[in-house]
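**Student:** quick one, fold the following:
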Amino acid sequence: MNKVLKNVGVMIATVGIVNELLFSIGLGIGRADVLQDTYTEGEDTLVVTKDGGAELKSYLDENEIDAIIGNAKYLRAATVNELNGGDSATLNKAFAAVSANGKVNLQGTFKIGTEVKLPAASGVTIDASGATFTGSGYFYSVKQAKNLTWKNGTFATKGATSGSHSFRLFKVDGLTLDNLTINFHAANTHFVDLMGCKNINIKNCDFNGYGATKDRGKLRDTDDEKKNPTHKYKGLYNESIDVDYASDEGAGGFGEKHVAKGDFDDTPTTNIDVRRNRWVPRSDSYAQFPIGQHYKVTGKKISGIKFNYNYVYNPVPTGGLSIGSDMSNSLLAPVHFPKIWDSTFAGNYFRYNYADYKVDKSIAISTWVKKTHTEKVDMTKIRVYENKSSDGAKGGGIGFFNKSGSTMHVSIVGNNFGSYNKDSGVTYDGGAIPDGFDSAQMIKE
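**Tutor:** All right, here's what the predicted structure looks like:
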C-alpha cells in the first residue's frame with residue numbers, strides 16, 4: 001500500500017480497555033498510551049506510540065487502518081487515565097486531558113492543596129474506588145463539566161474549622177456524585193455548593209461527622225457573625241448541600257477568582273435529586289445539616305428539589321436557639337428551604353437520641369429568610385410524604401413558616417412526626433401516597 005498516515009492523535013490508555021477496543025477492530029497490541037503515527041508498508045503496519053519510546057508492530061489492511069482513523073471519536077470516548085496517588089496538580093493535569101465520554105480511574109492518596117478544576121469535556125466518568133483525598137481544597141466547575149459522573153472515593157478532612165474539601169459548581173448542567181464518603185467535614189463549610197446549577201444527582205453518599213467537636217460554640221463562625229449580625233449560628237446550620245443562586249454573594253472568594261461578573265445573574269438552582277444518603281455523627285461530633293438554603297432572590301424560583309429516602313442521625317442540635325429578630329428560625333432545621341416550588345421530601349428517616357439536646361423542627365419550609373424581605377410569593381407543589389422520626393419530641397415536627405402577604409400550599413401524607421407548625425396563609429391537602437413512592441428504598445438504620 002505504501003501509505004503513510006500521520007498524527008492520528010488519539011488519546012487512549014491502560015491495558016484492559018485498550019486491548020478490548022483495539023482487538024475489536026483487528027489491532028492486537030499490548031498497550032498504547034498515545035496512538036500517534038501509523039505507517040504501512042505492504043501488509044505490515046508499524047504503530048508508533050509515546051509509551052516510553054516503545055514501537056509496536058501489528059498487521060492491518062487498508063480498511064482496518066481507515067477504521068482507526070474513522071473511529072477516532074469512538075476511540076477517544078474510551079479514554080482511560082489511571083492515576084495512583086498524587087496532588088492537586090496531578091488531578092488538574094489528568095482532568096484537563098480527558099476527552100468527551102472518557103474515564104479517569106483514581107486510587108491511592110491525593111493530597112489536595114489548592115483548587116482542582118473538574119473536566120471540561122462532557123460525559124466524563126471519574127471512578128475513585130480505593131482513593132482517599134487529604135489536605136484542603138476544592139473541586140470546581142464554571143459552566144462546564146456537563147453530564148459528569150464522580151463515583152466512589154473517601155474525603156478525609158481535619159475537621160474542626162479548617163482542612164476541608166468541597167465541590168463548588170457554578171451553572172453546571174448534569175452532574176452525579178455517587179457513593180462518596182466524607183469524614184470530618186469542617187464546620188462553616190458546604191461539601192456541595194450549587195450556584196445556578198440544574199440536573200444534579202447526589203446519591204448513596206456517607207457524610208460522617210461535622211467539625212470534629214460537639215461544642216456548639218466552637219461550631220459557630222464568630223468572626224463572620226461580627227461582620228454579619230444576621231449570620232448568627234451560621235456555623236451550626238451550614239448545610240452539606242447548599243442549593244443556591246448564581247449570585248456574587250453566594251459565590252464569595254471562589255466567584256471573585258473564577259466567575260466573570262456578567263455571569264452573576266441570580267439564576268436559581270433547579271432539578272436536584274438527593275437520595276439514599278446518610279448523615280451520621282462520629283464519637284466526637286454531630287452530623288451536619290443535610291441540605292438547605294439561606295438566601296433568596298426576588299423574582300427567582302428554586303424548584304424541582306427531591307430529597308428522598310435519606311437517613312439523618314443526630315444532626316447538630318439547634319433546639320431552643322433563636323437566630324435573631326431579623327431572621328427566620330426555620331433555618332435551624334436540618335432540612336430547611338425558603339421560597340421553593342415543585343419540590344418533594346419523601347421517605348426520609350430522622351433518628352434522634354441526644355442526651356440533653358433536640359432540634360425544634362426536622363423539616364422547615366418558609367416563604368422568607370429576613371424580615372426585611374418584602375416580596376410576596378405564592379408557593380405551590382410542596383410535597384411531604386412518609387417521613388419518619390425515631391423520637392418526635394427530640395426531632396420536633398415539620399414546620400411551614402409564612403410571612404404575611406404570601407401563601408403556601410403543601411401536600412402532606414403519612415408522616416409520623418405528630419406535629420406541624422402552620423402559619424397563617426399555609427394550606428394543606430392529604431390523600432393517598434403518590435405513585436412512584438417506594439418504601440423499600442428507605443434507610444432506617
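**Student:** nearest spatial neighbour of N208, skipping sequence neighbours?
**Tutor:** N183 (4.9 Å; CB to CB, 6 or more residues apart in numbering). All C-beta atoms are positioned from the backbone trio N, CA, C, and that covers glycine.
**Student:** which residues touch the host helix or strand of that neighbour?
**Tutor:** Element membership for N183, per DSSP states H and E: strand 181-185. Contact partners of strand 181-185, identified using CB atoms under 8 Å, 6 or more residues apart in numbering, comprise 153-159, 164-165, 191, 205-212, 240, 282, 285, 288.
**Student:** quick one: strands adjacent to that strand?
**Tutor:** According to DSSP bridges, strand 181-185 forms sheet pairs with strand 154-156 (parallel), strand 206-210 (parallel).
**Student:** could I get the longest one in PDB with only the CA atoms?
**Tutor:** Provided in PDB are the C-alpha atoms of strand 206-210 (Å, rounded to 0.1, in the frame of the first residue of the first chain):
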ATOM      1  CA  ASP A 206     -22.000   8.900  53.600                       C
ATOM      2  CA  PHE A 207     -21.500  12.100  55.500                       C
ATOM      3  CA  ASN A 208     -19.700  11.300  58.800                       C
ATOM      4  CA  GLY A 209     -19.400  13.900  61.500                       C
ATOM      5  CA  TYR A 210     -19.100  17.700  61.300                       C
END
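**Student:** part of a strand, is E249?
**Tutor:** No - checked against DSSP: H, G, I helix; E, B strand; the rest coil, E249 lies outside a strand; its state is helix.
**Student:** chain neighbours aside, what residue packs nearest to it?
**Tutor:** Leaving aside its sequence neighbours, E249 sits nearest to Y295 (CB to CB, 6+ apart; 6.7 Å).
**Student:** how far away is that neighbour from F337?
**Tutor:** 11 Å (CB to CB, to the nearest Å).
**Student:** in which helix or strand would I find G174?
**Tutor:** Assigned by DSSP H and E, G174 belongs to strand 173-178.
**Student:** domains of the chain?
**Tutor:** Taking automatic domain parsing as the domain assignment, the ranges for the chain are 4-76, 79-295, 320-445.
**Student:** list the contacts of S322.
**Tutor:** Counting by CB under 8 Å, 6+ apart, S322 has contacts N329.
**Student:** show the pLDDT at it.
**Tutor:** We note a pLDDT of 86 for S322 in this prediction.
**Student:** re earlier: neighbour-wise, which of Y295 and F337 wins?
**Tutor:** Comparing Y295 with F337 by neighbour count (other CB atoms under 10 Å), the higher total belongs to F337, at 26 against 16.
**Student:** partners of the more buried one in the sheet?
**Tutor:** According to DSSP bridges, beta-bridge pairing links F337 with I365.
**Student:** what separation do you get for it and T269?
**Tutor:** Distance, F337 to T269, by CB to CB: 11 Å.
**Student:** now do the shared contacts for these two.
**Tutor:** Listed as contacting both F337 and T269 by CB under 8 Å, 6+ apart are 243, 302.
**Student:** in this structure, where is pLDDT below threshold?
**Tutor:** Residue ranges of the chain with pLDDT under 70: 1-79, 158-163, 392-393, 418.
**Student:** centre-most residue in it?
**Tutor:** For the chain, the residue nearest the mean C-alpha position is V192 (4.6 Å; CA atoms, centre = their mean).
**Student:** next up, phi/psi of that residue, please.
**Tutor:** Here is the backbone geometry of V192 (degrees, to the nearest 10): phi -120, psi 120.
**Student:** you'd agree A145 is in a strand?
**Tutor:** No - counting by three-state DSSP, A145 falls outside a strand, being coil.
**Student:** does K93 count as helix, strand or coil?
**Tutor:** Applying three-state DSSP: K93 is helix.
**Student:** from G102, how far off is it?
**Tutor:** 14 Å.
**Student:** look at the two and report which has more neighbours.
**Tutor:** More neighbours surround G102 than the other of K93 and G102, with 22 against 12 (other CB under 10 Å).
**Student:** is it true that that one touches N81?
**Tutor:** Yes - taking CB atoms under 8 Å as the definition, G102 is a contact partner of N81 at 7.4 Å.
**Student:** what about the closest residue to S285 other than its chain neighbours, neighbour count?
**Tutor:** Of all residues not flanking S285 in the chain, G209 sits nearest, at 4.1 Å (CB to CB, 6+ apart). Neighbour count for G209, taken as other CB under 10 Å: 22.
**Student:** state the distance from G209 to S283.
**Tutor:** Distance of G209 to S283, given as CB to CB: 9 Å.
**Student:** strands of the stretch 201-350 of the chain, start to end?
**Tutor:** With DSSP state E, counting those that start in this stretch as the criterion, the stretch 201-350 of the chain has strands at 206-210, 239-244, 270-275, 278-280, 289-292, 302-308, 311-313, 335-338, 340-341, 343-346, 349-351.
**Student:** all helices for the stretch 51-200 of the chain, in order.
**Tutor:** Using DSSP state H, counting those that start in this stretch, the helices of the stretch 51-200 of the chain run over residues 62-70, 72-77, 88-97.
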